[in-house]
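**Student:** Here is my input, please return the structure:
(one chain, ligands or ions: 1)
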Amino acid sequence: MSLKSWGGYPISKSIEFKFENNDSLKSIILEQESVIARGNGRSYGDSALSNNIINAKPHDHFISFNEEQGLLHVQSGVLLSDILNSFVPRGWFLKVTPGTKLITVGGAIASDVHGKNHHIAGCFSESVESFRLMLPDGQIVECSKLENTELFKASCGGMGLTGVILDATIQLKRINSQYINQTTIKTKNLKETFDTFEKYKSSEYSVAWIDCLATNDDIGKSLVMAGEFGNDGKLGYKSKKKLTIPFNFPSFSLNKWTVKIFNWLYYGKVKNTTSKQPVDIDSFFYPLDSIGDWNKIYGKNGFTQYQFILPMASSYDGLIEILQTISKSGKGSFLAVLKLYGKANDNYISFPMEGYSLALDFKIEKGLFDLLDELDQIVVKYKGRIYLAKDVRVSKAIFEQGYPNIDKFRELRKTYKMNDKFNSLQSKRVGI
Ligand SMILES: Cc1cc2nc3c(=O)[nH]c(=O)nc-3n(C[C@H](O)[C@H](O)[C@H](O)COP(=O)(O)OP(=O)(O)OC[C@H]3O[C@@H](n4cnc5c(N)ncnc54)[C@H](O)[C@@H]3O)c2cc1C
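**Tutor:** Here you go, the predicted structure:
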């Protein structure tokens with residue numbers, strides 16, 4: 001079958017394996033030369049692509065819930081949206097959630113995803129009590145911060161390269177409202193944007209939409225959104241679905257000018273420097289999920305998300321240089337999201353570090369990869385790194401420079417013979 005992930009590029013010829021139970025999963029793993037697990041395919045690039053795919057998504061049962069402690073035990077194919085549908089009305093939310101709820105728990109662990117509260121709550125793995133992992137020889141091991149610690153640290157953020165996650169116990173957090181009290185702050189340049197993040201550092205959630213085509217003194221102008229859960233006791237949850245993009249847009253429909261107009265309208269619609277409004281969970285955390293198949297607006301060649309992070313000390317200078325380079329190239333991005341991150345955890349190849357990260361969507365077109373290669377050089381110069389969950393083209397050399405623990409990760413893979421068994425198109429490209 002032809003298989004692609006969220007960016008629609010590349011398209012891989014893959015055989016998909018489904019399994020009934022642990023024994024049949026073991027047989028698949030033992031019989032196939034090389035495999036990779038796949039969740040809901042919401043990674044942008046080629047991390048969940050390979051010749052042989054193990055589809056973990058059908059394994060989507062809730063196993064148990066400890067109401068006193070908020071501990072939820074689920075199979076790895078459960079979607080975050082399933083958890084929200086069942087638990088928000090009961091006053092529970094995810095401790096860490098990315099900008100889409102349409103991912104599996106297995107995918108959340110494998111990418112060690114983060115959300116708008118990284119500066120307070122860290123990555124998804126911080127909410128993981130334990131999970132069970134099937135190794136290359138079919139053995140099942142329980143992994144937690146106390147048990148099989150090395151496997152835990154390698155698998156959280158390990159992009160499926162340590163084995164197949166079967167199920168996991170995660171800690172939920174108590175909420176007392178389905179609303180978030182959001183403050184929106186309009187900033188004029190990157191300095192003001194950084195100052196605003198600093199000012200709202202104690203807010204549980206913060207994120208900025210940045211106008212990546214702004215030039216000169218306007219570089220870094222943004223809408224910063226900060227928020228906290230309300231406390232009004234109103235607890236319901238109804239998923240929003242407004243619109244579905246029915247077909248791939250023609251590729252000319254998205255260009256520098258449409259992005260400029262969009263950015264002008266988006267920024268311009270916010271009149272006041274600071275405004276406050278209560279917003280529901282879906283609007284605050286998952287605005288894009290309400291548009292089904294929104295990836296089709298990038299046309300049939302697909303798109304990629306370029307996400308990098310820079311350490312705190314070099315974030316400002318690095319971002320200015322990167323934004324200048326993008327703006328000069330004229331290759332704009334509707335979606336340009338800036339976030340402040342807290343301390344890194346000690347997982348081997350998790351993406352976050354203390355600093356700022358920018359994520360930008362670009363349609364695949366001539367000249368794009370040259371631009372991204374140029375951005376890579378700036379990222380490396382400022383001691384940053386690229387996020388594998390979004391990546392589809394980074395080179396081995398650039399990747400390695402960003403991840404100082406990569407050799408530890410490679411060693412562990414060798415020890416357990418994972419490198420002989422679990423490989424993706426991405427892992428081969430970056431030489432993990
Ligand atoms: C609109 C949108 C917004 C996003 N926002 C964010 C964000 O804010 N923060 C963030 O961190 N990420 C974000 N992402 C990325 C997304 O959260 C990750 O790519 C996530 O890993 C996707 O999960 P999935 O279930 O779709 O997994 P897939 O895309 O299918 O797989 C992703 C990786 O997980 C591995 N994997 C999946 N299931 C298993 C399993 N059972 N056992 C072992 N390995 C497994 C795969 O091998 C692969 O390496 C966003 C993606 C989209 C489309």
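**Student:** who's in contact with the closest residue to Glu150 other than its chain neighbours?
**Tutor:** Spatial nearest neighbour of Glu150, chain neighbours left out: Leu412 (6.1 Å); criterion: CB to CB, 6 or more residues apart in numbering. Heads up, the C-betas are built off the backbone N, CA and C, glycines and all. Residues near Leu412 by CB atoms under 8 Å, 6 or more residues apart in numbering: Glu150, Leu151, Ala154, Thr162, Tyr348, Met418.
**Student:** For Ala208, see how far away Asp282 is.
**Tutor:** 20 Å (CB to CB, to the nearest Å).
**Student:** Tell me, how many residues neighbour the nearest residue to Leu49 once chain neighbours are set aside?
**Tutor:** Once flanking residues are discounted, Leu49 sits nearest to Ser12: 4.3 Å by CB to CB, 6+ apart. Neighbour count for Ser12, taken as other CB atoms under 10 Å: 17.
**Student:** again with Gly367
**Tutor:** 10.
**Student:** ok so, going back, when Asp282 and Ala208 are compared, which one has more neighbours?
**Tutor:** Legend: neighbour count by other CB under 10 Å for Asp282 and Ala208, higher for Ala208 (25 against 20).
**Student:** Wasn't the more buried one part of a strand?
**Tutor:** Yes: counting by DSSP: H, G, I helix; E, B strand; the rest coil, one finds Ala208 located in a strand.
**Student:** Correct me if wrong: it contacts Leu335.
**Tutor:** No: the pair Ala208 / Leu335 is not scored as a contact, 11.9 Å apart, by CB atoms under 8 Å.
**Student:** Would you mind measuring from the nearest residue to Leu335 once chain neighbours are set aside to Ala336?
**Tutor:** Of all residues not flanking Leu335 in the chain, Asp361 sits nearest, at 4.5 Å (CB to CB, 6+ apart). Distance, Asp361 to Ala336, using CB to CB: 8 Å.
**Student:** next one: phi and psi at the residue nearest to Glu150?
**Tutor:** Here is the backbone geometry of Leu412 (degrees, to the nearest 10): phi -60, psi -40.
**Student:** roughly how far apart are it and the ligand?
**Tutor:** Going from Leu412 to the ligand by CB to the nearest ligand atom, to the nearest Å gives 15 Å.
**Student:** Glu150 too?
**Tutor:** Distance from Glu150 to the ligand, by CB to the nearest ligand atom: 16 Å.
**Student:** My reading is that that residue is in a helix; is that accurate?
**Tutor:** Yes: if the criterion is three-state DSSP, then Glu150 is within a helix.
**Student:** and it, how many neighbours?
**Tutor:** By the criterion of other CB under 10 Å, Glu150 has 16 neighbours.
**Student:** before we move on, what about Ser275?
**Tutor:** Using other CB under 10 Å, Ser275 has 13 other residues around it.
**Student:** Just give the number of residues close to the residue in the stretch 201-350 of the chain that the ligand sits nearest to.
**Tutor:** Going by CB to the nearest ligand atom, the ligand is nearest to Leu288 of the stretch 201-350 of the chain, at 4.7 Å. Per other CB under 10 Å, the neighbour tally for Leu288 reads 11.
**Student:** So it sits against Ile297, correct?
**Tutor:** No: with contact defined as CB under 8 Å, Leu288 does not count as touching Ile297 (10.8 Å).
**Student:** on that earlier part again, tell me the spacing between the residue nearest to Leu335 and Val74.
**Tutor:** From Asp361 to Val74 the distance is 30 Å (CB to CB).
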